[in-house]
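>>> sequence and predicted structure, then a few things I'm wondering about:
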Amino acid sequence: MIDEAEPLVGQWRRRFDSAAALGVPAHVTVLYPFLGVEHIGRAVLDELAIVLGDHRSFAVRFAECGRFPGVLYLAPAPDRPFRALTEAVAARWPEAPPYGGQFADVIPHLTIAHGQEAEVFREVETVLSARLPVEAQVSAVSLFVHDGQRWTRQADFPLLS
């Protein structure tokens, strides 16, 4: 979760990112999809704590917007620590490749809007750009699980200080 970004992007995410309405806060995804909720027990939580706990907390800055086809996002800098977290979790659970293996290169990002017309993206980007940067300290990774209707935070995993 990137709590520091919520005041800036929250209103846009509520309007243009359906995940926000389902309980997902402003965030940079480490691994999606992960294991189904029925497979996440104490052993998985303990292993996640070990895998993620080997990584140091880090400062991140969101100073610009980026786009994928149909997606407007904030780009984190540096992005390498997010990539390292994704690589570590995906290496431990190869049955859960990032984004189902759709992309050769997983680009860390904080989604603001998706599925909108280019004009909407331009408008949102213009407003946000005037208020950037957002700076944050990433000191933990949160696990969100989906119950079929909403996403809820199940656990937090601290990173090394």
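Good, I have the coordinates.
>>> show me the residue sitting in the middle of the protein in space.
Val28 (2.0 Å; C-alpha atoms, centre = their mean).
>>> how close does that residue get to Thr111?
Val28 is 9 Å from Thr111, where distance means C-beta to C-beta, to the nearest Å. Yep, even glycine has a C-beta here, placed from its N, CA and C like the rest.
>>> wait, what's in contact with the residue nearest to the centre of the chain?
Neighbouring residues of Val28 by C-beta atoms under 8 Å, 6 or more residues apart in numbering: Ile2, Val60, Pro76, Phe82, Pro108, His109, Leu110.
>>> chain center to stretch 95-106: distance?
Per C-alpha atoms, centre = their mean, to the nearest Å, the displacement of stretch 95-106 from the mean C-alpha position of its chain is 14 Å.
>>> give me the three-state assignment for the residue lying farthest from the centre of the chain.
Distance from the centre of the chain peaks at Glu119, with 24.5 Å (C-alpha atoms, centre = their mean). Assigned with DSSP: H, G, I helix; E, B strand; the rest coil, Glu119 falls in the helix class.
>>> mind listing the helices for the chain?
Counting by DSSP state H, the chain has helices at residues 6-16, 18-21, 42-53, 80-92, 118-129.
>>> got any ranges where the protein has weak pLDDT?
Applying pLDDT under 70 to the chain flags no residue at all.
>>> report the contact partners of the closest residue to Gly66 other than its chain neighbours.
In space, and not counting its chain neighbours, Gly66 is closest to Ala75: 4.4 Å by C-beta to C-beta, 6 or more residues apart in numbering. Contacts for Ala75 (C-beta under 8 Å, 6+ apart) come out as Phe62, Ala63, Glu64, Cys65, Gly66, Pro108, His109.
>>> neighbouring contacts of the longest strand along the chain?
The strand that spans the most residues within the chain, counting by DSSP state E, is strand 58-68. If you take C-beta under 8 Å, 6+ apart as the criterion, strand 58-68 is touched by 2, 5, 28, 72-78, 81-82, 107, 109-110, 112, 121, 125, 128-129, 132-138, 159.
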